[in-house]
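Undergrad: sequence first, then the predicted structure, then my questions.
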Amino acid sequence: MPPSSSSVIIDESDRFKIAQAIYNSVTGKTEKLTRTYSKDYLIGLDDIRQLHMKCQQACGQWTVLNKSESITVHHLDDNTETFSSFDRFSIYDLSRTSPTESIVYEFNLLLQLPNLEKPQHYKVTVRALSRAAMIRRMEQDMAPPPFLRLFGGSSIVVEIEYVDYVVARNILGMIDSWTDEIESHSKLSWIRYVQRFTHWIPPIAQFLAIAFIGFSLFAATSTVITATSTPPLVGRWLILAGTVITLAALLARRLGSLVESGIDQILTLSAIKLNKGDERLIVRYRNRNILKVGQVFLGIAGVTANSVCANLLTDWLKLLVQK
């Protein structure tokens, strides 16, 4: 008798899952899915709690054999606290005075997926970074102000170690919805685009001052220099006019640099708000931004006043030259 044979019909949708499971079983390796978020988030204790709840709710669609989480908090004073569960993290000391530099939420899952015998391990790591605390650290290390403007990077980094890509995508979709619910720290995100062009402000301010004053002096020339004007009078007019234009142009460029510096030092940062130190740090940078906005308006007012005053000098120069 011919040997009996049997066949297993595998659903098309399960073939990829089984192939991934076989690869993991043979090599012991997992794949990694990474995504970064660069918005200016304000992450508080309630946001971490919401992330934890979403991770717990996401487990309802799978057979979970085991799950665990840990939370690590890094502070600006180089002190690190690790909590082995969210319940332990819920008693975090809110009176700490050292700002939070980052929070790392790690979620581990052991799943038993359909049509697979071997359980699969998934590790979700959500790293929330406070760029405000990082900028503060660089300020303490005496980083130059222009360097602070270049400091950017991601506010939240998500890494998912997975076997089944579909499961990983479901988890990532859940984290996407979580980031959409986080409050924005700053309403000035558009300032970053403006900061790319601030180096043009001083030369533009200088050019406008020269053009404005030059036109005013040109219009006044016809009343100062006539057909009967003597060479000494013409010489005095040219010297004084050239001096006014030069001084006004130099002052306009300096005031333009003041505007450029003010805009460049307006910081739109992500922040973590867990303790007293975080609250103080947020207030510090908000007050700093208010001062820098005031500096910008002061510089703009100075550029305008410089041109107006130089224009008013035209009448005085005419009287001085004609004496």
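TA: It's in.

Undergrad: toward the C-terminus, what is the element adjacent to the worst-scoring helix or strand of the chain on mean pLDDT?
TA: The weakest-scoring helix or strand in the chain, judged by mean pLDDT, DSSP states H and E, is helix 12-27 (a mean of 45). Next along the chain after helix 12-27, taking DSSP states H and E as the criterion, comes strand 31-37.

Undergrad: show me the shaky parts of this structure.
TA: The model of the chain has pLDDT under 70 over residues 1-30, 142-153, 185-189, 224-229, 233, 315, 317-323.

Undergrad: name the element Ile182 belongs to?
TA: Going by DSSP H and E, Ile182 is not in any helix or strand.

Undergrad: residues touching the nearest residue to Ile266 once chain neighbours are set aside, list them.
TA: Excluding its sequence neighbours, the residue lying closest to Ile266 (CB to CB, 6 or more residues apart in numbering) is Lys292, at 4.9 Å. Bear in mind the C-beta positions are built from the backbone N, C-alpha and C, glycine included. Shown in contact with Lys292 (CB atoms under 8 Å, 6 or more residues apart in numbering): 262-263, 265-266.

Undergrad: which members of those occur in helices, if any?
TA: 262-263 (DSSP state H).

Undergrad: as TSV, the contacts of Lys292 with distance to Asp93 and neighbour count would be great.
TA: Output for the contacts of Lys292, formatted as TSV (distance: CB to CB, whole Å; neighbours: other CB atoms under 10 Å):
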residue	distance to Asp93	neighbour count
Gly262	38	22
Ile263	38	20
Gln265	33	18
Ile266	33	22
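
Undergrad: now the helices for this protein?
TA: Using DSSP H, helices in the chain cover 12-27, 45-58, 86-89, 131-140, 145-150, 165-180, 191-195, 201-224, 231-264, 276-322.

Undergrad: for Glu69, which of those is the nearest?
TA: helix 86-89 (5.8 Å; CB to CB).

Undergrad: quick check: buried residues in the closest one?
TA: The neighbour-count check on helix 86-89 (16 or more other CB atoms under 10 Å) flags 86, 89 as buried.

Undergrad: what about it, distance to the chain center?
TA: From the chain centre to the centre of helix 86-89 is a distance of 29 Å (CA atoms, centre = their mean, to the nearest Å).

Undergrad: show me what it is packed up against.
TA: Packing contacts for helix 86-89, counted by 3 or more CB pairs under 8 Å, 6 or more residues apart in numbering; DSSP states H and E, involve helix 45-58, strand 63-75.

Undergrad: now distance to Lys123 too, for the helices of the chain, in a markdown table please.
TA: As requested, these are exported to a markdown table (distance: least, CB to CB, whole Å):
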| stretch | distance to Lys123 |
| --- | --- |
| helix 12-27 | 13 |
| helix 45-58 | 12 |
| helix 86-89 | 16 |
| helix 131-140 | 25 |
| helix 145-150 | 33 |
| helix 165-180 | 10 |
| helix 191-195 | 33 |
| helix 201-224 | 48 |
| helix 231-264 | 40 |
| helix 276-322 | 28 |
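
Undergrad: residues contacting Leu313?
TA: Going by CB under 8 Å, 6+ apart, the list of residues near Leu313 reads Val244.

Undergrad: residues near Gly299, how many?
TA: Using other CB atoms under 10 Å, Gly299 has 22 neighbouring residues.

Undergrad: relative to Phe107, which of the helices of the chain is closest?
TA: helix 45-58 (4.9 Å).

Undergrad: elements contacting the closest one?
TA: Against helix 45-58 (3+ CB pairs under 8 Å, 6+ apart) you get strand 63-75, helix 86-89, strand 100-112, strand 120-129, helix 165-180.

Undergrad: between helix 131-140 and the third one, find me the angle.
TA: Here strand 100-112 runs at an angle of 140 degrees relative to helix 131-140 (axes from the mean of the first three to the mean of the last three CA atoms, to 10 degrees).

Undergrad: I'd say Ser95 and Lys276 touch.
TA: Yes. With contact defined as CB atoms under 8 Å, Ser95 counts as touching Lys276 (5.8 Å).

Undergrad: who's more crowded, the two?
TA: Using other CB under 10 Å, the more surrounded residue of Ser95 and Lys276 is Lys276, with 14 against 7.

Undergrad: the more buried one is in contact with Pro99, isn't it?
TA: No. In this structure Lys276 lies outside contact range of Pro99 using CB under 8 Å: 9.2 Å.
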